[in-house]
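In: With the input below, show me the fold.
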Amino acid sequence: MSIPQSGGGPIERHEQLAEYMAQGCKPKSDWRIGTEHEKFGYCEDSHKPLPYEGARSIEAVLSGLRDRFGWLPVLEKGKLLGLEKDGANISLEPGGQLELSGAPLENIHQTCDEVNGHLAEVKSVADEIGVRFIGLGAAPEWSHEDMPLMPKGRYRLMNSYMDKVGTAGTQMMRRTCTVQVNLDFSSEADMVQKMRVAVALQPIATALFANSPFFEGQVNGHKSWRSRVWRHLDDARTGMIPFIFDEGFGFESWVQYALDVPMYFVYRDGEYIDALGQSFRDFLKGELPALPGETPTLSDWADHLTTLFPEARVKQYIEMRGADGGPWRRLCALPAFWVGLTYDQSALDAAWDMAKGWDAETREALRVAASVDGLQAKVGNISMHDLAREAVSIAQSGLKARACPGAGGLIPDETHFLNALHESVETGRTPADELLSDYHGKWNGDLSRIYDDYSY
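Out: Numbers count the residues shown, from 1 in each chain. Next comes the predicted model:
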């Protein structure tokens, strides 16, 4: 989840809402890659999730990272709820999932160095206090009651609202993890093409990275239970946003969509003020019940944009949001996949050619099928496995065209970061398939063995 945003001063003209997003336009030479990933922490001996406070806790991990590695604290009402350093930040999801929001970096080599460094730091702190971390799309065994709610005002408000608008919101908050990448655009037209590719092909990412076949100690019938959760969260702010495929889509269209999404809060002087279900349109007119007579700032607008949760999201950059959290090597494969598809124009055009003939019903059917069957999904005569093979091939060509060297020039490009996806395409097996094979095979139905075999 996002931290409070710094968008700017008072909103005096409606046009400022779209202009705020358009400020994200950058020349290609300035495009960057921001990778975010979440993981579950647990006590090594009991396999129980970490509480916020105590000798073995989220606070202890954050404190260790702060004291040993020079991270600066992020506090809310005196509680340590995050860290920041060198353009990156470490934050907490509602159930205590630890998230690295990486710095904007130039290439996947740097991204992978950042991920490796972060996980090494976390492991060194965690090992000393008997804590481990695991990368999965959903908590395999823990119940809702097992998962503590982090002491953050935003989460307290969301927690009380979720059951009013869907059936799975609190599952998302406390018991799911993702990996995502944030990417730039050069113009409104570039944003439009990238968003259409991002949303249309998001089910392919869901299938390739599917990694949550267990929930509450049982096989759940889905390769990506996390994706299933998002389909039952809140229809007003999730989904495949079909309007982005309409003629004339642009920044203003996104503004109109965002204005119709009910608010969660307004952030003032360190406090999250309850605006649940209220209207940002009313806020613009000074008629918000939570703050009568007050009009919003661009920082309020920036905050509101973080409460939209579709499969891909545009702010001053685009967020790819469809993948389960997962094993170490796939944390670099996800940005490699999307950078390859979108940061080379020929690859971007080829990716759009894959999807431009699909209608809204087909795109939604692919989303559902990916969550249930992963790479084995089929929608009519469309094979997810075939789509994945084509998409990974296009990403490979896009990364090769970028020709960003690593290791002091010894590695010519970023294509090797796709190796895990090439393996999935060749075998038809994703992390979820590996987990199910282990569960029904060498684990003999003992799901507790997931911790030893799959933790970082």
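
In: Next one: the residue lying closest to Ser212 once chain neighbours are set aside, what pLDDT does it get?
Out: Nearest non-adjacent residue to Ser212, counting by C-beta to C-beta, 6 or more residues apart in numbering: Gly137, 3.2 Å away. Every residue, glycine included, has its C-beta placed from N, CA and C. The confidence metric pLDDT takes the value 98 at Gly137.

In: Likewise for the one 10 residues further on?
Out: Here the pLDDT value assigned to Met147 is 95.

In: count of neighbours near it?
Out: Around Met147 there are 22 other residues, counting by other C-beta atoms under 10 Å.

In: what do you get for Val379?
Out: If we define neighbours as other C-beta under 10 Å, then Val379 has 21 of them.

In: next one: phi and psi at it?
Out: Comment: the main-chain dihedrals of Val379 come out as phi -130, psi 110, following degrees, to the nearest 10.

In: if I pick it, what's in contact with it?
Out: With contact set as C-beta atoms under 8 Å, 6 or more residues apart in numbering, Val379 has these partners: 362, 365-366, 369.

In: In ChimeraX, how would I select the buried members of the residues you listed?
Out: For anyone working in ChimeraX, the buried entries among those, judged by 16 or more other C-beta atoms under 10 Å, can be selected with:
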select :365,366,369
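
In: Could you export the longest strand seen in the chain as CSV, CA atoms only?
Out: Using DSSP state E to assign secondary structure, the strand with the most residues in the chain is strand 33-43. These are the backbone C-alpha positions of strand 33-43, laid out as CSV (Å, rounded to 0.1, in the frame of the first residue of the first chain):
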residue,chain,number,x,y,z
ILE,A,33,12.1,1.0,-13.7
GLY,A,34,10.6,0.8,-10.2
THR,A,35,10.1,-2.7,-8.8
GLU,A,36,7.9,-3.4,-5.7
HIS,A,37,7.6,-6.8,-4.0
GLU,A,38,6.0,-8.1,-0.9
LYS,A,39,6.7,-11.1,1.3
PHE,A,40,5.3,-12.8,4.4
GLY,A,41,7.3,-12.9,7.6
TYR,A,42,6.9,-15.7,10.1
CYS,A,43,8.4,-17.1,13.3
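
In: elements contacting it?
Out: With contacts taken as 3 or more C-beta pairs under 8 Å, 6 or more residues apart in numbering; DSSP states H and E, strand 33-43 sits against strand 98-101, helix 108-129, strand 131-134, strand 178-183, helix 330-342.

In: centre of the chain versus the second one, how much separation?
Out: For helix 108-129, the gap between its own C-alpha mean and the chain's C-alpha mean amounts to 19 Å (C-alpha atoms, centre = their mean, to the nearest Å).

In: Can I get that helix in PDB? Just the C-alpha atoms.
Out: Taking Å, rounded to 0.1, in the frame of the first residue of the first chain, the C-alpha atoms of helix 108-129 are listed here in PDB:
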ATOM      1  CA  ILE A 108      17.000  -4.700 -14.800                       C
ATOM      2  CA  HIS A 109      20.600  -5.300 -13.800                       C
ATOM      3  CA  GLN A 110      20.300  -2.500 -11.200                       C
ATOM      4  CA  THR A 111      16.900  -3.700 -10.200                       C
ATOM      5  CA  CYS A 112      18.100  -7.200  -9.500                       C
ATOM      6  CA  ASP A 113      21.100  -5.800  -7.600                       C
ATOM      7  CA  GLU A 114      18.700  -3.800  -5.500                       C
ATOM      8  CA  VAL A 115      16.400  -6.800  -4.800                       C
ATOM      9  CA  ASN A 116      19.400  -9.000  -4.000                       C
ATOM     10  CA  GLY A 117      20.800  -6.500  -1.600                       C
ATOM     11  CA  HIS A 118      17.500  -5.900   0.100                       C
ATOM     12  CA  LEU A 119      16.800  -9.600   0.600                       C
ATOM     13  CA  ALA A 120      20.300 -10.200   2.000                       C
ATOM     14  CA  GLU A 121      19.800  -7.400   4.500                       C
ATOM     15  CA  VAL A 122      16.400  -8.700   5.600                       C
ATOM     16  CA  LYS A 123      17.800 -12.200   6.000                       C
ATOM     17  CA  SER A 124      20.700 -11.100   8.100                       C
ATOM     18  CA  VAL A 125      18.400  -9.300  10.500                       C
ATOM     19  CA  ALA A 126      15.800 -12.000  10.400                       C
ATOM     20  CA  ASP A 127      18.200 -14.900  11.100                       C
ATOM     21  CA  GLU A 128      19.300 -13.300  14.400                       C
ATOM     22  CA  ILE A 129      15.800 -13.200  15.800                       C
END
